[in-house]
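Chemist: got a predicted structure here, sequence first:
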Amino acid sequence: MRKQLLAFITAAALLAGCGSKEQNTVPEKAAADIQVSASSIADSLLEQFTGKMEPEDRELLVKLMNLDPETVVDAIGYYDPEAPEKMMIIVESADENAALDNTEKMEYYLNTVKDAASMYSPEQVQILEDAYITTRGSYSVLITSEDQNAAKKAVASQLN
């Protein structure tokens, strides 16, 4: 089922391209002030998830979200194979402007996933609707989990 969903999402994302959407997030900290990595953020967030989180391929993440590979320093993602609506994606971008653009593309990806989930599994849509997505300095973070408040606190502890 995950492969079918992945194929559908890939096709939808490639066909739709990247829509423009007004971005509400603002970089909160200069990239030079951040002493963390995408890996350290992911490690701190993994404990916020129940179930077994599996890593996602970096190149696949970049393609699925239609990110410009030239702007991506690092991309790390995890998903729950038993509950594919639960995911965590952290993208480190070359600079803050690229991070804002990449966050916008991640939000577009999330909306594509929500649309797909609504067709086959409406009960998963609520977790996707409650997604936490933010830009902090040169980092873009997307988290869908049962406890978004804990996820927000974990991100804040790493990037504030």
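Modeler: Ah, there it is. Numbering: from 1, shown residues only.

Chemist: as a check, name the ranges of all helices in the chain.
Modeler: Here the chain has its helices, by DSSP state H, at 2-16, 38-46, 58-64, 96-120, 122-129, 148-159.

Chemist: neighbours around V36, how many?
Modeler: Residues within reach of V36, counting by other CB atoms under 10 Å, total 17. In short, each C-beta sits where N, CA and C put it, glycine included.

Chemist: can you pull the contacts of it?
Modeler: Residues near V36 by CB atoms under 8 Å, 6 or more residues apart in numbering: Q158, L159.

Chemist: and the gap between the closest residue to L159 other than its chain neighbours and A42?
Modeler: Closest residue to L159 apart from its sequence neighbours, by CB to CB, 6 or more residues apart in numbering: R136 at 4.0 Å. R136 is 14 Å from A42, where distance means CB to CB, to the nearest Å.

Chemist: more neighbours, those two?
Modeler: R136 (24 against 20).

Chemist: quick one: that one and D147, what's the gap?
Modeler: In terms of CB to CB, R136 sits 19 Å off from D147.

Chemist: so how far is K105 from A83?
Modeler: Taken as CB to CB, the span from A83 to K105 is 24 Å.

Chemist: between the two, which one's more packed in?
Modeler: Ranked by neighbour count (other CB under 10 Å), A83 and K105 place K105 first, with 23 against 18.

Chemist: shaky segments in this protein?
Modeler: 1-35 (pLDDT under 70).

Chemist: mind running it again at 50?
Modeler: 1, 4-5, 7-8, 11-34 (pLDDT under 50).

Chemist: for it, which strand is longest?
Modeler: In the chain, with assignment by DSSP state E, the single longest strand is strand 83-93.

Chemist: got the CA coordinates for that one in CSV?
Modeler: In CSV, the C-alpha atoms belonging to strand 83-93 read as follows (Å, rounded to 0.1, in the frame of the first residue of the first chain):
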residue,chain,number,x,y,z
ALA,A,83,0.8,4.6,9.4
PRO,A,84,2.3,6.5,6.3
GLU,A,85,0.5,9.7,7.4
LYS,A,86,3.1,10.0,10.2
MET,A,87,6.3,11.5,8.9
MET,A,88,9.1,13.8,9.7
ILE,A,89,11.1,15.7,7.0
ILE,A,90,14.0,18.0,7.8
VAL,A,91,15.7,20.0,5.0
GLU,A,92,18.8,22.1,5.5
SER,A,93,19.0,24.6,2.7
